[in-house]
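**Q** Predicted model, plus sequence, below.
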Amino acid sequence: MRLLLAIPFAFAATAAFAQDFPVTLDHAWGTTTIEAEPTRIVTWGWGNEDAVIALGVIPVGIPFKAYGGGDNGIQPWVEDALAAAGATPTVLENTDQPPFEQIAALAPDLIIAAYSGITEEQYKLMSAIAPTIAYSGEAWSTPWQDVTRTVGKALGKADEAEVLVTETTAWLTSEIAAHPELSDITFASANDYDGSMAVYAPLDARMKFLTDLGLTLDPSVAALAPADGQFYYPLSYELFDQLHGDIFVTYYEEQSALDEWLSTPQAQTYPPIVNGGLAALVGTENVAAVSPPTVLSLRWGFPTYLKVLSDAAHNVKKP
């Protein structure tokens, strides 16, 4: 079990600052006012509970995470934090749509979906249960820093959230500084999906995470992207070699699946891979920790991810 370094600050600092209520937050589906400090929080989407827990609050309900969550639907960094707090929130039903009746039965006074893709109709149904915070900007694209700050403001812990972002960013900066080889490369990222390559667009939180660290997203990623505001776009196998970059970042749940893809013609002839620049992160939990990351998952998963990126940068043979 890896050490969860973010937790000591979060649970020790819960009373360090004070914030007045009500607070008002803007998001994609309007404006939400929280009249008093919430005590019964339900989260929906990806990683929202991570920010809540990192700020010293245990939600009463969290979504089932089929990806990286094991049989109980709880990802390992969340499981570690809950064990440290001696808490057991309700894990919501494993459904594509929010389980509105189950959420209502938990009697929440706040629903947080700051990283999500909830529709306007879903937002209205949630808001009928409790004040609800939707995502800002485009769906499924909010960076971990903004999620943390939004959750902090909603909980009355804006100052603690800012400290947590600052400390985590400083740690990431120190980690990346030990790998100067990454400052000289460009990258692109995609996965084989549904008969084409699903390329992660510049606005995707995974790409923003890497560019925030100082890595350079190859210009071809934006040049090939349609102007539809999506966090990924399909690219045919025939056009795959137009996606450039010194290293190619991809994610696979199992090594056997990666090996199978690497045997395909599109992978065997793709220049970044031919030149040694494959950066493949393998293992469901490893992928879930950084794809996209949260303020809680970073300490758990980033060291493994950083080694994958560094090894690819060392191996790449630039033409």
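**A** Great, that's in hand.

**Q** Apart from its neighbours in sequence, what residue is nearest Glu35?
**A** Nearest residue to Glu35, sequence neighbours excluded (C-beta to C-beta, 6 or more residues apart in numbering): Pro22, at 4.7 Å. (Glycine included, C-beta is placed from N, CA and C.)

**Q** CA-only coordinates of stretch 115-131 in PDB, if you can.
**A** Written as PDB, here are the backbone C-alpha positions of stretch 115-131 (Å, rounded to 0.1, in the frame of the first residue of the first chain):
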ATOM      1  CA  TYR A 115     -15.900  17.100 -12.700                       C
ATOM      2  CA  SER A 116     -18.600  15.400 -14.600                       C
ATOM      3  CA  GLY A 117     -20.700  15.500 -17.700                       C
ATOM      4  CA  ILE A 118     -24.200  15.800 -16.200                       C
ATOM      5  CA  THR A 119     -26.800  17.100 -18.500                       C
ATOM      6  CA  GLU A 120     -29.000  20.100 -17.800                       C
ATOM      7  CA  GLU A 121     -32.000  17.800 -17.100                       C
ATOM      8  CA  GLN A 122     -29.900  15.700 -14.700                       C
ATOM      9  CA  TYR A 123     -28.700  19.000 -13.000                       C
ATOM     10  CA  LYS A 124     -32.400  20.100 -12.500                       C
ATOM     11  CA  LEU A 125     -33.300  16.700 -11.000                       C
ATOM     12  CA  MET A 126     -30.400  16.800  -8.700                       C
ATOM     13  CA  SER A 127     -31.100  20.400  -7.700                       C
ATOM     14  CA  ALA A 128     -34.600  19.400  -6.700                       C
ATOM     15  CA  ILE A 129     -32.900  17.200  -4.100                       C
ATOM     16  CA  ALA A 130     -30.200  19.600  -2.900                       C
ATOM     17  CA  PRO A 131     -28.100  22.500  -4.100                       C
END
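
**Q** What residues of that stretch count as buried?
**A** Buried residues in stretch 115-131, counted by 16 or more other C-beta atoms under 10 Å: 115-118, 122-123, 125-127, 129-131.

**Q** Stretch 184-200 now?
**A** 185-192, 196-200.

**Q** you'd agree Leu296 is up against Leu55?
**A** No - counting by C-beta atoms under 8 Å, Leu296 sits too far from Leu55 to count as a contact (9.7 Å).

**Q** Could you check which of those two has the larger neighbour count?
**A** Between Leu296 and Leu55, counted using other C-beta atoms under 10 Å, the more crowded position is Leu296 (30 against 25).

**Q** Name the surrounding residues that touch stretch 75-91.
**A** For stretch 75-91, the surrounding residues in contact (C-beta atoms under 8 Å, 6 or more residues apart in numbering) are 1-2, 4, 7, 11, 49-50, 53-54, 58-65, 68-70, 72-74, 102, 106, 285, 288-289, 296-297, 299-301.

**Q** just stretch 261-281 next, same as before
**A** Applying C-beta under 8 Å, 6+ apart, the contact partners of stretch 261-281 are 185, 187-188, 192, 197, 237, 240-241, 244-252, 258, 287, 290-291, 304-305, 308-309, 311-313, 315-319.

**Q** Would you mind measuring the gap between the ends of stretch 252-268?
**A** 17 Å (C-alpha to C-alpha, to the nearest Å).

**Q** Could you check how far it is from the centre of its chain?
**A** Chain-centre distance of stretch 252-268: 24 Å, with C-alpha atoms, centre = their mean, to the nearest Å.

**Q** for that stretch, which positions count as buried?
**A** Across stretch 252-268, burial judged by 16+ other C-beta under 10 Å covers 252-253, 258, 261, 266-267.

**Q** would Asp26 count as being in a strand?
**A** Yes - assessed by DSSP: H, G, I helix; E, B strand; the rest coil, Asp26 belongs to a strand.

**Q** pretty sure Thr24 contacts Pro131?
**A** No - counting by C-beta under 8 Å, Thr24 does not reach Pro131; the two are 10.2 Å apart.

**Q** Give me the common contacts of the two.
**A** 32-34.

**Q** possible to save those as JSON lines with secondary structure?
**A** JSON lines is the format used below for the shared contacts of Thr24 and Pro131 (three-state DSSP):
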{"residue": "Thr32", "secondary structure": "strand"}
{"residue": "Thr33", "secondary structure": "strand"}
{"residue": "Ile34", "secondary structure": "strand"}
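
**Q** give me the low-pLDDT residue ranges for the stretch 1-150 of the chain?
**A** 1-18 (pLDDT under 70).

**Q** Let me see the ranges of the helices in it.
**A** For the stretch 1-150 of the chain, the helices defined by DSSP state H, counting those that start in this stretch occupy 7-12, 48-54, 76-85, 100-105, 120-127, 144-155.

**Q** Tell me which of those sits most buried.
**A** Ranked by mean neighbour count, the helices of the stretch 1-150 of the chain are led by helix 48-54 with a mean of 30 (mean count of other C-beta atoms under 10 Å).
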